[in-house]
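Student: Below are the sequence and a predicted model for it; my questions follow.
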Amino acid sequence: MKTIHHLIDGESVASTSGRTTPVFNPATGEQTGEVGLATIEEVDRAVASAKAAFETWHTFSVAKRTKLMFNWRNLVVDNADEIAARLTAEHGKVLSDSGGEVARAIENIEYACGLAEHLKGRYSEQASTGVDVYSVRRPLGVVAGITPFNFPAMVPVWMMPNAIACGNTFVLKPSERDPSAPRFIVELFQEAGFPPGVLNMVNGDKVAVDRLLEHPDVKALSFVGSTPIAKYVYQTGTSHGKRIQALGGAKNHMVVLPDADIDLAADSAVSAAYGSAGERCMAISVAVAVGDVADPLVDAIKVRMEKLTIGPGTDSSSEMGPLITREHRDKVAGYIEAGADAGATVVVDGRDARFDGDGFFLGVSLLDNVTADMTVYTDEIFGPVLSVVRVDTYQEAAELIAANQWGNGAAIFTRDGGAARRFQEDADAGMIGINVPIPVPVGYHSFGGWKDSAFGDTTIYGPEGIHFYTRPKVLTSRWPDPAGSTVNLGFPTNQ
């Protein structure tokens, strides 16, 4: 059974805390490893390494940084299958989902490879007589990232490439549930030729999180996770003078209008609700059926659910894998019962599915006639459960989204361009899909929701990521008139 260690100053470092947490293969229920949890002193050691590395790293030329970023990108591409395999082994998602996650990670590294363009400043010549004004963006110093279990390869790479390309050094605290994929990506970073200490990784729990939030040498911190923890990270970090971006939970709605293409809407609902076992912050949790589209939509979704193949992520025929832990699976199953008790119609009950072995599997579930006061609607379930809320009008659907505490993403399915255009204005969420169920932006835009889905004033990766990991410096300079210079420049005396 393997032990996953920290990586500090380019070296593997074993935890001395005496505290560990298990790592499981969710498809079998077997423990495959353990993680040594960091002490405060080990976190301090990682930050000290990053601080020392910053002194030289931020002076590296843009050309040299770019070359190293391309080296890293190429190594991640070459090892994409291995990263995906490690991801599936500890998270449980099917290999096609893991491969997609790695592809999106690569997209973010590629964006950071354009740092020569991203870091260009602005220049105003002769703002006043003999006065030039120009602005540049400078790195912050040591920055950190705390990332979730559901995208252990992609989310760290939402943060690290931009931060490091901008001249910062980085301390990563990944989820302790599935740390092997991010650890391998950090190892590839070292192999690419970056100086030791530019990127460090510590494994840990609340002890490590709190130390990073309090440490005076950590200037900024990025977080992705649940809303309660995002609030805690934001409040604690900002109270210690840090720049914080903290992405929280979601309850994403997919509005289906009566004119929608039912086949497209049903296909999209199934893939968006049950892909990665629903363990993603951009999963569709609620299908809002407007008017008489409800019955045919529910029927079409049910037919497709019955054809889904659920099994180990390593099986090429599997379309959905297990959940991350046994406890989480049982919690998700409890929501199905709670919904039924509250009056929802259980169209498909995932608890009825049977699986061999001790893996953390749960079948897909569909609940109809859900109302906004039921826990199956109000709570972020983070599992393969799709609720259908029936409304009479488009306006009711828009008001439902607006009243929800989260505002990560929202989608609409319609053939009406006018309705779609109105929705992109009305929908109270940060990312909007038009006949697209999961509107995750490409790497050269930025990701972030509204309301309780995000805390802080910048979204993550892309252009907003460059903004977050740098601060502006404006310089104003005056030089004497060339005619008055002590150096003979050859100007006429009356010029």
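Tutor: In hand now; what should we look at?

Student: contacts and neighbour counts: CA atoms only from here.
Tutor: Noted.

Student: Tell me the span between the first and last residue of stretch 380-398.
Tutor: 19 Å (CA to CA, to the nearest Å).

Student: again with stretch 305-312
Tutor: The straight-line separation of the ends of stretch 305-312 (CA to CA) is 17 Å.

Student: Spell out the residue ranges of the helices in the stretch 51-200 of the chain.
Tutor: Remark: helices assigned in the stretch 51-200 of the chain by DSSP state H, counting those that start in this stretch are 62-78, 80-91, 95-112, 115-118, 154-165, 180-191.

Student: try the stretch 251-400 of the chain
Tutor: For the stretch 251-400 of the chain, the helices defined by DSSP H, counting those that start in this stretch cover 262-274, 294-305, 326-342, 375-378, 394-403.

Student: deepest of the ones you listed, which one?
Tutor: helix 262-274 (a mean of 21; mean count of other CA atoms under 10 Å).

Student: per-residue pLDDT, I284?
Tutor: The score at I284 is 98. That number is its pLDDT.

Student: In this structure it contacts L386, no?
Tutor: Yes - using CA atoms under 8 Å, I284 is in contact with L386, at 7.3 Å.

Student: Quickly list what's touching both of those two.
Tutor: A273 (CA atoms under 8 Å, 6 or more residues apart in numbering).

Student: roughly how far apart are A144 and A208?
Tutor: 11 Å.

Student: who's in contact with I460?
Tutor: If you count contacts by CA under 8 Å, 6+ apart, I460 has them with W158, M159, Q245, S446, F447, G448.

Student: on that earlier part again, as a markdown table, the helices of the stretch 51-200 of the chain with distance to A294 would be great.
Tutor: Listed next are the helices of the stretch 51-200 of the chain as a markdown table, based on distance: least, CA to CA, whole Å:
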| stretch | distance to A294 |
| --- | --- |
| helix 62-78 | 44 |
| helix 80-91 | 34 |
| helix 95-112 | 29 |
| helix 115-118 | 47 |
| helix 154-165 | 35 |
| helix 180-191 | 41 |
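
Student: mind checking which of those is nearest L323?
Tutor: helix 80-91 (7.7 Å; CA to CA).

Student: Give me the nearest residue to D457, chain neighbours excluded.
Tutor: Nearest residue to D457, sequence neighbours excluded (CA to CA, 6 or more residues apart in numbering): Q245, at 7.2 Å.

Student: in what helix or strand does that neighbour lie?
Tutor: In this assignment (DSSP states H and E), Q245 forms part of strand 243-247.

Student: Quickly run through the sheet partners of that strand, with directions.
Tutor: strand 218-224 (parallel), strand 454-455 (antiparallel) (DSSP bridges).

Student: Would you reformat those as TSV and include mean pLDDT and distance to P258?
Tutor: Formatted as TSV, the strands paired with strand 243-247 follow (pLDDT from 0 to 100; distance: least, CA to CA, whole Å):
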stretch	mean pLDDT	distance to P258
strand 218-224	98	36
strand 454-455	97	32
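
Student: I'd like the distance between the spatially closest residue to G99 that is not a sequence neighbour and V207.
Tutor: Sequence neighbours aside, A84 is the residue nearest to G99 in space, at 5.5 Å (criterion: CA to CA, 6+ apart). According to CA to CA, A84 and V207 sit 29 Å apart.

Student: Show me which of the two is the more surrounded one.
Tutor: Taking other CA atoms under 10 Å, A84 and V207 do not tie; A84 has more neighbours (23 against 13).

Student: and the residue positioned nearest the centre of the chain, what does it touch?
Tutor: Per CA atoms, centre = their mean, the C-alpha nearest to the average position across the chain is that of V155, at 4.1 Å. Counting by CA under 8 Å, 6+ apart, V155 makes contact with A105, T147, P148, V224.

Student: how close does it sit to R177?
Tutor: V155 sits 14 Å away from R177, going by CA to CA.
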